[in-house]
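Asks: what shape does this take:
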Amino acid sequence: MKMKPKNMDIDENEEQTIKTEDDKDDIKPSLSGQVLFPSENKFSGIKNKQVRMQQYQKVKREKKKAKKEAKKSKDKEDLPKNAPHTIESLREQDETTINDLKDDENELIRDDLEEDEFGDYFKQSYEPKVLITYSDNPLRKTRIFGRELTRIIPNSTSLYRNRSGVKKIVRSAIKKGYTDVLVVNENRKEPNGLLVIHLPDGPTAHFRVSNVRITTELRKNHKDITAHRPEVVLNNFTTRLGFTIGRMLGALFHYDPEFEGQRAVTFHNQRDYIFFRHYRYGFDANGKKCRLKELGPRFTLKLKSLQKGTFDSKYGQYEWIIDGRRHSMETSRRKFNL
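Replies: Okay, the predicted model is just below:
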């Protein structure tokens, strides 16, 4: 007769209980926030199916509870999420960047802006009157683009040059009381340039125009554009040069918008590209949600130069100009000028 070893006197259910109690020590959250649990294979040694299921469900509840606690603790820490790196987020700070114009440190800049060429406009001492003209013999899309600008910019007129030079147009516009002149240039049947001349003493900005989409190309009804004066939104012009360009574009529109027309035009600067959009907005019955409807046209501006005074291609003095040769002036892709 064989003798039964002493260590085999333990009841089978007691052995299962000991195993499960030992397994509890393995259930603990890690420092990284992830919860470590015993593998399901550890329950395969339990012969009783009902006990095995009870232990498995218990560990599952513990796992769910520990995950909730780990998530709560992570939310309490309020750690910033790792945002993807973009050219915009890695932008190099410009030495002329103005973070807050109302700051006491920027008092000299505020005084400078009040006395610049657009100071009288922002003091509302005159109403803008804009002349829009073209290069010689403009083609269909350029003509339509100019006419649509007249419907966007209040108190504006579109005229053909009739082979007149820009200097002659400027002199004539000053005599007739215009405050700004826009010259739309074209290439390969597309508008590709915009010259903005502020009268009577400048400055003059030259933009490259791209991605022009007129109203018919956007499949919008031109009758949606009413005669009301639109609101103007200037966004992300942060440097001293950017402030000048933003004020120059804003001075084309009337300083007193007619809100009942619910029209808005935006000039959004991003990586020195100025995106123009024209919207009509509307609110729901509760006045909480706003819906936008793009009216058109849309286009993108890229500043090429800013010249003191009115247009003078030979003897003009430039405040800022970008060299046509690639990478000759832009030493870093992360540095922006506006």
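
Asks: need the pLDDT of residue 41.
Replies: pLDDT recorded at residue 41 is 60.

Asks: repeat for the one 3 residues further on
Replies: Looking at residue 44, its pLDDT stands at 71.

Asks: ok now do it, which residues does it touch?
Replies: Going by CB atoms under 8 Å, 6 or more residues apart in numbering, residue 44 touches residue 52. For every residue, glycine as well, the C-beta is placed using N, CA and C.

Asks: phi, psi of it?
Replies: The phi/psi pair for residue 44 (degrees, to the nearest 10) reads phi -70, psi -20.

Asks: do the same with residue 303
Replies: Backbone geometry at residue 303, expressed as degrees, to the nearest 10, gives phi -70, psi 130.

Asks: gap between it and residue 322?
Replies: Here residue 303 is placed at a distance of 7 Å from residue 322 (CB to CB, to the nearest Å).

Asks: repeat for residue 103
Replies: Counting by CB to CB - residue 103 and residue 322 are separated by 29 Å.

Asks: what ranges do the strands span in the stretch 151-300 of the chain?
Replies: For the stretch 151-300 of the chain, applying DSSP state E, counting those that start in this stretch gives strands covering 156-158, 180-187, 190-198, 204-213, 231-235, 263-270, 273-283, 290-294, 298-307.

Asks: rebuild the ones you listed as JSON lines, extending it with mean neighbour count.
Replies: As requested, these are exported to JSON lines (neighbours: other CB atoms under 10 Å):
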{"stretch": "strand 156-158", "mean neighbour count": "18"}
{"stretch": "strand 180-187", "mean neighbour count": "20"}
{"stretch": "strand 190-198", "mean neighbour count": "20"}
{"stretch": "strand 204-213", "mean neighbour count": "19"}
{"stretch": "strand 231-235", "mean neighbour count": "16"}
{"stretch": "strand 263-270", "mean neighbour count": "18"}
{"stretch": "strand 273-283", "mean neighbour count": "17"}
{"stretch": "strand 290-294", "mean neighbour count": "12"}
{"stretch": "strand 298-307", "mean neighbour count": "19"}
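
Asks: among those strands, which is nearest residue 174?
Replies: Judged by CB to CB, the one of the strands of the stretch 151-300 of the chain that comes nearest to residue 174 is strand 180-187, at 9.2 Å.

Asks: which other helices and strands contact the closest one?
Replies: Packing partners of strand 180-187 (3 or more CB pairs under 8 Å, 6 or more residues apart in numbering; DSSP states H and E): strand 130-134, helix 140-152, helix 166-175, strand 190-198.

Asks: so where's the stretch 151-300 of the chain uncertain?
Replies: Applying pLDDT under 70 to the stretch 151-300 of the chain flags the ranges 219-224.

Asks: if you set the cut-off to 50 instead, what comes out?
Replies: Flagging of the stretch 151-300 of the chain using pLDDT under 50 yields an empty set of residue ranges.

Asks: so who does residue 174 touch?
Replies: Going by CB under 8 Å, 6+ apart, the list of residues near residue 174 reads 199, 200.

Asks: likewise residue 253?
Replies: By CB under 8 Å, 6+ apart, the residues touching residue 253 are 128, 153, 154, 229, 230, 232, 265.

Asks: for the residues you listed, pick the one with the most neighbours.
Replies: Highest neighbour count within these, by other CB atoms under 10 Å: residue 230, with 25 neighbours.

Asks: ok, it touching residue 256?
Replies: No. Applying CB atoms under 8 Å, one finds residue 230 not in contact with residue 256, separated by 11.2 Å.

Asks: can you work out which residues contact both of those two?
Replies: With CB under 8 Å, 6+ apart, residue 230 and residue 256 have no common neighbours.
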